[in-house]
Structure formats: C-alpha cells, structure tokens
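J.: coords please:
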Amino acid sequence: MNHRTESLLVDIMLYGVMGLALLFFYVPIFTLIAFSFQEGRYLTLPFEGFSLKWYGDLFRNSNALNALRNSTIIALVATVAATAIGTFAAIVAVRYRFKGKSAFQAIAGAPLAFPQLLLGIVLLLWFSVLGKWFGFNTGLVTAMIGHVVYIAPFAMVIVAVQVWNFDPLLEDAARDCGASNWQVYRFVTIPLLWPGIFSAAIFAFLLSWGNFYITYSLAGSTRTVPTFIFSGIAVGSSPLYPAIATVVFVPGLLLVMVAAAVRRRQAAA
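T.: So this is what the prediction gives:
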C-alpha cells in the first residue's frame, strides 16, 4: 500500500467517524424539531400534517412564558456572576505565586468533579438549614446561587487558557508608560482576555439555561424551561414541548456560532 492510498484510507476513516458522530448527536435534535411542526396532538409517527399551531399555543401559554422568563433571569444573573468570579480566579490561579496555590486551584475546580444531582442535593441540604435560621424558602435566588457554584469553575478553566497565553510584558510596558494598576487591567488585561471571557460567558449561559438537576433541587416551586418540560412530559407527550425545546435550541446554537466567530477573529488578529 503506497502512501497516497494509506492517507486516503485514513481520511475516509476519520471523516466517516466524524460523520457518524454528528449523525448520532443531531438526528435526535432534528427529529425533535420536526415533531414541533406536526399537526397532531401526540408525538407519533407518521406525522398527521404540518402546522405552526404549537408555537402559537406556546406563546399563549402563561406557564411556558413564565418558565422562559425564569430561565432567562437565572441564566443572565448566573452568567454575569460566574464569569466574573471565574475570570478573577483564573488570573489569580495562573498569574500569581502564593503559598497554598495548589490547594486553591484544587478547591476552585472541585465542583467540576461533582455530579450535578449530588451537588444539587448537598446545596438543598444547606439551604434547608439556612432557610430555617433566616426564614426563607428555595426559589429563584437559591437556584441562581446553585448555578453560580456549579458554573464558575467552568468559566475559570476557559478564561485560564486565555490567561496562560497572555504576555505579561504588555502590562509591564503599560506601567512603564505611567499607567496605574487599574488602568492596566482596564485598558490592557481585560481587552486582551476578552475573547476568553466572552467564550466563558456564552458557555456559562448555556450551562445555566439548560440545567435541570440543580434547578430541580433548588428552585422550589419556580419553574424553568427544563423543569417545565420535565413536568409536562411526565404526565403526557405533546408537540408543545418539542416547540419550546426548539425555541430554546436555536438561540443557543446562534450563541455558540457567535462565540466561535469571536475566537477566530481574535486568533486572526
């Protein structure tokens, strides 16, 4: 077998495996989207016809709209808080030398190793105790806190990659020109780290938006999109739920594409 034939076989194998993986991942998603356009009331094959009525029912359903609103609020707050915490933690973990640095890195990244269900149960236990002491119940705020605890380590890891490739001589040059530490961070450090921060924010938003286990444990009676779909599917199937899943999936896909475009633009620059 000559080198050209061997390379061709390797390319066929690699592209074939990649194609099968994409098929495995996306066929269920596109099937779900297709079900959202069927006219019948139940998720059955063959389709009973094409219709957009379930999208109309979705935007007239007050429970679904409340779930969308709650998911948006939780995701936005968790994204801002987790990205800020993750950014500062990444700068500290990569750039600074101090006693106990290894312990700090291990503790900061520990939630990555926890299953979401277990982390949600442990946080629910703490909030139950604190709720008795201070007189509050689980709800929107406790879900936000749980999301931040879970997501901040992911943001830290993403930003840390950008910090690792950052040249500290650029900051030294700014200080030599008379810039204060605040000016260095504002005009040099943060702008150069921005692609990593933006990617971390997009990833944090998507993790929070689609989170089920922590939300189910900590949101109490507050319904978000994942818990709304779960409660609806538990009592019966309807194209309404594929419709809301499609409404959630398309903006998420667009956010991923925007994040990839920002990173390519920065890499080219």
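
J.: tell me the helix or strand right after the helix or strand where residue 158 lies.
T.: Element membership for residue 158 (DSSP states H and E) is helix 140-164. Counting by DSSP H and E, the next helix or strand C-terminal to helix 140-164 is helix 169-176.

J.: output that following helix as CSV, nothing but the C-alphas.
T.: Extracted in CSV, the C-alpha atoms of helix 169-176 (Å, rounded to 0.1, in the frame of the first residue of the first chain):
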residue,chain,number,x,y,z
LEU,A,169,5.3,42.1,29.2
LEU,A,170,2.4,44.0,27.7
GLU,A,171,1.3,45.0,31.2
ASP,A,172,4.9,46.0,32.2
ALA,A,173,5.0,48.2,29.1
ALA,A,174,1.8,49.9,30.1
ARG,A,175,3.2,50.6,33.6
ASP,A,176,6.4,51.9,32.2
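
J.: isn't residue 202 up against residue 254?
T.: No - between residue 202 and residue 254 there is no contact under Cβ atoms under 8 Å: 10.2 Å. The C-beta positions use only the backbone N, C-alpha and C, and glycine is treated the same way.

J.: re the thing from before, on contacts alone, who are the packing partners of the helix holding residue 158?
T.: Packing partners of helix 140-164 (3 or more Cβ pairs under 8 Å, 6 or more residues apart in numbering; DSSP states H and E): helix 62-95, helix 101-109, helix 116-134, helix 190-209, helix 213-218.

J.: tell me which of those helices lies nearest to residue 238.
T.: helix 62-95 (11.3 Å; Cβ to Cβ).

J.: in the closest one, what's buried?
T.: 64, 67-68, 70-71, 74-75, 77-79, 81-87, 89-94 (16 or more other Cβ atoms under 10 Å).

J.: shaky segments in this protein?
T.: For the chain, residues meeting the criterion pLDDT under 70 lie at 1-3, 40, 42-45, 234-237, 262-263, 266-269.

J.: OK, contacts around the closest residue to residue 216 other than its chain neighbours?
T.: Nearest residue to residue 216 in three dimensions, chain neighbours excluded: residue 227, at 5.5 Å (Cβ to Cβ, 6 or more residues apart in numbering). For residue 227, the contact set (Cβ atoms under 8 Å, 6 or more residues apart in numbering) comprises 67, 212, 215, 216, 219.

J.: and residue 227, what element?
T.: Residue-wise, residue 227 maps onto helix 225-235 under DSSP H and E.

J.: relative to helix 62-95, how tilted is that helix?
T.: 130 degrees (axes from the mean of the first three to the mean of the last three Cα atoms, to 10 degrees).

J.: how about whichever helix or strand comes after helix 225-235: buried residues?
T.: Downstream of helix 225-235, the first helix or strand assigned by DSSP H and E is helix 240-268. Within helix 240-268, the residues scored as buried using 16+ other Cβ under 10 Å are 240, 241, 242, 243, 244, 245, 246, 247, 248, 255, 259, 262.

J.: who are the packing partners of helix 240-268?
T.: Counting by 3+ Cβ pairs under 8 Å, 6+ apart, helix 240-268 packs on helix 3-35, helix 53-60, helix 62-95, helix 190-209, helix 225-235.

J.: for residue 121, see how far away residue 110 is.
T.: Using Cβ to Cβ, to the nearest Å, residue 110 is found at 16 Å from residue 121.

J.: hang on, I meant residue 27
T.: 33 Å.

J.: those two: who's more crowded?
T.: The neighbour comparison of residue 27 against residue 121 (other Cβ atoms under 10 Å) goes to residue 121, with 14 against 10.

J.: got the contact list for that one?
T.: Applying Cβ under 8 Å, 6+ apart, the residues near residue 121 are residue 217.

J.: one more: residue 128?
T.: residue 138.

J.: return the distance of the closest residue to residue 229 other than its chain neighbours relative to residue 253.
T.: Using Cβ to Cβ, 6+ apart and skipping residues adjacent in sequence, the residue nearest residue 229 is residue 241, 5.1 Å away. Per Cβ to Cβ, residue 241 is found 18 Å from residue 253.

J.: before we move on, what about residue 33?
T.: Counting by Cβ to Cβ, the gap from residue 33 to residue 253 is 11 Å.
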